[in-house]
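In: quick one, fold the following:
(2 chains)
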Number of protein chains: 2
Amino acid sequence: MSERRGELIVLSGPSGAGKSTVIAELLSARRDIHFSVSFTTRQPRTGEADGVNYNFVSREEFERMIAADELLEYAEYVGNYYGTSLKVIRDKLDQGVDVLLDIEVQGAAKVKERCPEAVLIFLIPPSIEELSRRLHRRNTDPEETIQRRLEKAREECRESVHYDYLVVNDAVVTAAGEILSILEAERCRTPKRLHLTQSIVGTA
Amino acid sequence: MSERRGELIVLSGPSGAGKSTVIAELLSARRDIHFSVSFTTRQPRTGEADGVNYNFVSREEFERMIAADELLEYAEYVGNYYGTSLKVIRDKLDQGVDVLLDIEVQGAAKVKERCPEAVLIFLIPPSIEELSRRLHRRNTDPEETIQRRLEKAREECRESVHYDYLVVNDAVVTAAGEILSILEAERCRTPKRLHLTQSIVGTA
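Out: Here you go, the predicted model:
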């Protein structure tokens, strides 16, 4: 094990909040962060690649992983499974590597339950109007799906009260910058650094 | 009152931890931070100016301020009073201005008691050897005073467990950078930003 344990950062936010763009910005600024790629049974969207955006698996395979307790958390969302591999994350944290998870609110609550030291960040769009614009601009889904996403977004934003931090994605660079500051601040939390006072207190 | 209330940041650390240098670095990076100048009855050291490093007052005047309840906190330390004006700080926070206090551990505990939202940061030197070197290098005090400071430093570092964050002052720019990140992160805390989700949740 490394002297410093990695930080476990959970990022949630409604569809259209711009999580993917913010994550790309984060990872380009801090190449040492391990981005945990989720497993899902949903179909890839245009431009999404297996092993990059998600690990795309069959429903059968996903249910085998559940049965084998290979998942830190999993949830069903609009008819599809989404889940996070336990082993990869645990290894990275032990090595002192910071791990970033992109998961929805049900999954985040389960992670906090199993790993209370996890830092939960909720990414919100600047307004419901802007969120609607972004979902329409994406333009790959029928209006009914978009309306369902907007309603889902409202529900999810109500859950943001359970998160440690709220970050507004108005400008991507600002949002990513705030998340980097949160990460740096969390490393300075007293319980994680008490060993540093030992060389002073201990020689009394 | 401003929409956003300012953050109240309390910085403590033993004599020789390098607080003054770190504070100078902080204030040059963030000129909008209000640095609250403490009142003290101790004699100015070489290079210290009234109203800049401290407001130097007589013991008589200080005891009048205590009686008039004009102080957020005050404490006696190595025979001298140190205290913080309540009114100035309250006004600044209401205006949305971040306020930085440089106070010792007894005072910090009192601030946290009266203002639970205050963020307490403890600055530690990299080691007791480095602290001793710094105190000797300052070279203005007799050896006996230095030894008393070292012992006091050990005692104070034991109190760091009550602080929210620990920052090691190995390199000034790094230490100041960590404090700036803490300040930015604290602004993102959920309770301080819940109003931002209202435009989304509220229109359901």
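In: now the strands for chain A?
Out: For chain A, the strands defined by DSSP state E cover A:8-12, A:34-36, A:39-40, A:55-56, A:71-77, A:80-85, A:99-102, A:119-124, A:165-168.
In: what parts of chain A come near chain B?
Out: Contacts of chain A with chain B, taken as CB under 8 Å from any CB of the partner chain, map to A:121-122, A:124-125, A:127-128, A:131, A:151, A:153-154, A:157-158, A:160-161, A:163-168, A:177-178, A:180-182, A:184-186, A:188-190, A:193-194, A:196-197, A:199-201, A:203-204. For glycine as for every other residue, the C-beta is placed from the backbone atoms N, C-alpha and C.
In: now, those that are in helices?
Out: Of the positions in these, A:128, A:131, A:151, A:153-154, A:157-158, A:177-178, A:180-182, A:184-186, A:190, A:193, A:199-201 sit in helices, assigned by DSSP state H.
In: narrow the residues you listed to those that are buried.
Out: A:128, A:131, A:153-154, A:157, A:177-178, A:180-182, A:184-186, A:190, A:193, A:199-201 (16 or more other CB atoms under 10 Å in any protein chain shown).
In: got any ranges where chain A has weak pLDDT?
Out: A:1-2, A:139, A:203-204 (pLDDT under 70).
In: now the residue lying closest to residue A:69 once chain neighbours are set aside: how far from residue B:6?
Out: Closest residue to residue A:69 apart from its sequence neighbours, by CB to CB, 6 or more residues apart in numbering or on different chains: residue A:86 at 7.8 Å. Noted for residue A:86: a distance of 42 Å to residue B:6, by CB to CB, to the nearest Å.
In: of those two, which one has the most company?
Out: Between residue A:86 and residue B:6, counted using other CB atoms under 10 Å in any protein chain shown, the more crowded position is residue B:6 (20 against 15).
In: check contacts around the more buried one.
Out: B:34, B:92-99 (CB atoms under 8 Å, 6 or more residues apart in numbering or on different chains).
In: and if we set it to 6 Å?
Out: B:92-93, B:96-99 (CB atoms under 6 Å, 6 or more residues apart in numbering or on different chains).
In: cool, and residue A:100?
Out: Residues near residue A:100 by CB under 6 Å, 6+ apart: A:9, A:33, A:35.
In: from these, which is closest to chain B?
Out: residue A:9 (11.9 Å; CB to the nearest CB).
In: what subset of the contacts of residue B:6 is buried?
Out: B:92-93, B:97-99.
In: any idea how far residue A:72 lies from chain B?
Out: 23 Å (CB to the nearest CB, to the nearest Å).
In: same question, residue A:41
Out: Counting by CB to the nearest CB - residue A:41 and chain B are separated by 28 Å.
In: verify the stated contact: that residue with residue A:62.
Out: Yes. Under the criterion of CB atoms under 6 Å, residue A:41 makes contact with residue A:62 at 5.1 Å.
In: what is in contact with these two at once?
Out: Common contact partners of residue A:41 and residue A:62 (CB under 6 Å, 6+ apart): residue A:81.
In: now stretch A:168-179 - C-alpha only, PDB.
Out: Output in PDB follows, covering the C-alpha atoms of stretch A:168-179 (Å, rounded to 0.1, in the frame of the first residue of the first chain):
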ATOM      1  CA  VAL A 168     -22.500  24.400 -11.700                       C
ATOM      2  CA  ASN A 169     -21.500  23.600 -15.200                       C
ATOM      3  CA  ASP A 170     -21.900  27.000 -16.800                       C
ATOM      4  CA  ALA A 171     -18.300  27.100 -18.200                       C
ATOM      5  CA  VAL A 172     -16.500  23.800 -18.500                       C
ATOM      6  CA  VAL A 173     -13.100  25.100 -17.400                       C
ATOM      7  CA  THR A 174     -14.500  26.700 -14.300                       C
ATOM      8  CA  ALA A 175     -16.500  23.600 -13.300                       C
ATOM      9  CA  ALA A 176     -13.400  21.400 -13.800                       C
ATOM     10  CA  GLY A 177     -11.300  23.900 -11.900                       C
ATOM     11  CA  GLU A 178     -13.700  23.700  -8.900                       C
ATOM     12  CA  ILE A 179     -13.600  19.900  -8.900                       C
END
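In: need the residues that contact that stretch.
Out: Contacts for stretch A:168-179 (CB under 6 Å, 6+ apart): A:17-18, A:21-22, A:25-26, A:123-124, A:126, A:167, B:188, B:196.
In: swap the cut-off to 10 Å and go again
Out: A:9, A:11, A:13, A:16-19, A:21-30, A:100, A:119, A:121-127, A:130-131, A:134, A:165-167, B:181, B:184-185, B:187-188, B:193, B:196-197 (CB atoms under 10 Å, 6 or more residues apart in numbering or on different chains).
In: just the buried ones from those, in ChimeraX syntax?
Out: Only the buried members of the contacts of stretch A:168-179 enter the following ChimeraX selection, criterion being 16+ other CB under 10 Å:
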select /A:9,11,13,16,17,18,19,22,23,25,26,100,119,121,122,123,124,125,130,131,165,166,167 /B:181,184,185,187,188,193,196,197
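In: tell me who's in contact with residue A:188.
Out: Neighbouring residues of residue A:188 by CB under 10 Å, 6+ apart: B:121-122, B:163-168, B:175, B:178-179, B:181-182, B:185.
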